[in-house]
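*Asks:* fold the stuff below for me.
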Amino acid sequence: MEYTHKVQYYETDQMGIVHHSNYIRWFEEARSDVLEKAGMGYDVMEAEGVISPVLEAHAVYRSMTRYGERVKIRMRIKAYNGIKLSIAYEVTDVATGELRCTGETAHCFLDRDGKPLSLKRKKPEMHKIFEQMMEAL
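*Replies:* Numbers count the residues shown, from 1 in each chain. Next up, the predicted model:
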């Protein structure tokens, strides 16, 4: 499960280096892309009455990324139990393979009223997709 991103000028700071906050955005881009490819984008989930807020986001910056570079964001599901989801990310430079950043996000699943939702019980088709994504590792 991977996604490629080309660094845009607006993502850099005065030093010409990607601002640290953008890595968290790239995690979301990768997550959204992978979910869409699995047939379960956020629009589909929300139409089904499922929301998935971020509970935690964490990043460790390993090396600098600059304007115009391409990075590959690999993600894998670390943990999933039907109610909570934990995803690990690895950002590497496409040209050199150099590790730029690692990170994790944690999510839960809620219904439209903001109450915890078990995908396993209430949305088995979605649950199956997450299980298949875990097995793909």
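*Asks:* select the longest helix from the protein.
*Replies:* What stands out as the longest helix in the chain, according to DSSP state H, is helix 21-37.
*Asks:* got a list of contacts for the following helix or strand past that one?
*Replies:* Next helix or strand after helix 21-37 toward the C-terminus (DSSP states H and E): helix 42-47. Outside helix 42-47, the residues that touch it by C-beta atoms under 8 Å, 6 or more residues apart in numbering are 32, 35, 51, 52, 126. For glycine as for every other residue, the C-beta is placed from the backbone atoms N, C-alpha and C.
*Asks:* who touches the spatially closest residue to the last one that is not a sequence neighbour in this structure?
*Replies:* Leaving aside its chain neighbours, residue 126 sits nearest to residue 119 (4.8 Å; criterion: C-beta to C-beta, 6 or more residues apart in numbering). Residues near residue 119 by C-beta under 8 Å, 6+ apart: 50, 82, 83, 109, 126, 127, 130.
*Asks:* want to throw those residues into a markdown table with secondary structure, pLDDT and neighbour count?
*Replies:* Output for the contacts of residue 119, formatted as a markdown table (DSSP: H, G, I helix; E, B strand; the rest coil; pLDDT from 0 to 100; neighbours: other C-beta atoms under 10 Å):
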| residue | secondary structure | pLDDT | neighbour count |
| --- | --- | --- | --- |
| 50 | coil | 97 | 19 |
| 82 | coil | 95 | 18 |
| 83 | coil | 96 | 15 |
| 109 | coil | 98 | 23 |
| 126 | helix | 94 | 23 |
| 127 | helix | 96 | 18 |
| 130 | helix | 93 | 21 |
